[in-house]
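Q: For reference, the sequence and a predicted model appear below.
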Amino acid sequence: MLTSLQGKSVLVTGGTSGIGLGIAIGFARQGAKVAISGRQRDKVEALAARLRDEGLAVIGLAADVSEREQVQRLVDEVATAQGGLDVLCANAGVFPSAALEHMTDADWDLVLDTNAKGSFLCVQAALAHLRRAEYGRVILTSSITGPITGFPGWAHYGASKAAQLGFMRTAAIELARDGITINAVLPGNIVTEGLHGMGDDYLASMAASVPLKRLGQVDDIANAALFFASKEAGYLTGQSLVVDGGQILPESLQALA
Ligand code: NAP
């Protein structure tokens, strides 16, 4: 049994959908005060109101994680509204597909700015608040794609997800001075609105390549985030946790037969 996260102040970027929403609900069900963010004010505020109707302590704020000023305002507003900030889940991300041969500068910049620079901006903006909290936890949503595997169309995405881990390892050393930990969850294929956009054939082929024979659920990632945020995980920093049903393990299709 892990120590309760009751009353902790949590920010989940990209909390309007998929994995981020799952993480936010996971923390809120543990009694944490949770802020979710996304780019569209109406959407994020309506969703937060719906979650409050369900009895969860959730607020919604709009910010684009690739924009420094918006990120700083987001983090400061969350800390004011929730009496500080204990846990940052830097989760917002995009995964549009583009074949390397046709990839434009704009394709590359969108993905790197959102996924990699967005993580950097969020962590930097949260630092002063996390220090004050004397608890500080940062959890990055990376991916198996990039750090471990590859997939056609995702050269830019893979680079962004590997960049998050390179960033994390040095950040872990710098943040350790203030007792702040930073770790990453590396999801495999998790059923989300974003993943559904890849189409049924993609989903079926991915499910078939997972030894546990199912795609992941957002709760599978939320549980990993809750563990990294716990008091008991306080001696873990700079680490990656793969949550993929064993998808990276088979050396051949035969291994799955
Ligand atoms: P999703 O359903 O498409 O949700 C993405 C979230 O990110 C939304 O809340 C979106 O909010 C937000 N977002 C996107 N760009 C943003 C920006 N510039 N600023 C602020 N918020 C932004 O995706 P998901 O599948 O849950 O993925 C979430 C994270 O998990 C991503 O980092 C992704 O790389 C990672 N991941 C997912 C999988 C998977 O199988 N699903 C696997 C590995 C890793 P708005 O649209 O409201 O702005």
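A: Arrived safely, thanks for sending.
Q: Show me which residues of this structure sit near the ligand.
A: If contacts are counted using CB under 6 Å from any ligand atom, the residues of the chain sitting beside the ligand are 13-20, 38-40, 43, 64-66, 91-95, 114-115, 141, 143, 187, 189-190, 192-195. For every residue, glycine as well, the C-beta is placed using N, CA and C.
Q: In PyMOL, select just the buried ones from these.
A: In PyMOL, the members of those classed as buried (16 or more other CB atoms under 10 Å) are selected with the following command:
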select buried, resi 13+14+15+16+17+18+19+20+38+39+64+65+66+91+92+93+94+95+114+115+141+143+187+189+190+192+194+195
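Q: what's the closest non-adjacent residue to Glu134?
A: The spatially closest residue to Glu134, leaving aside those adjacent along the chain, is Gly179, at 6.6 Å (CB to CB, 6 or more residues apart in numbering).
Q: show me where the stretch 1-150 of the chain has strands.
A: Taking DSSP state E, counting those that start in this stretch as the criterion, the stretch 1-150 of the chain contains strands spanning 9-13, 33-38, 58-62, 87-90, 137-141.
Q: so what's the nearest residue to Arg169 once chain neighbours are set aside up against?
A: With CB to CB, 6+ apart as the criterion, Arg169 has its nearest non-adjacent residue at 5.1 Å, and that residue is Gly238. For Gly238, the residues meeting the contact criterion (CB atoms under 8 Å, 6 or more residues apart in numbering) are 168-169, 171-173, 182-183.
Q: Widest-spaced pair of the residues you listed?
A: Of all pairs drawn from these, the widest gap by CB to CB lies between Ile173 and Asn183 and measures 13.3 Å.
Q: Compare neighbour counts for these two and give me the winner.
A: More crowded of Ile173 and Asn183, by other CB atoms under 10 Å: Asn183, with 23 against 11.
Q: Which of the three states applies to the more buried one?
A: Using DSSP: H, G, I helix; E, B strand; the rest coil as the criterion, the local structure at Asn183 reads strand.
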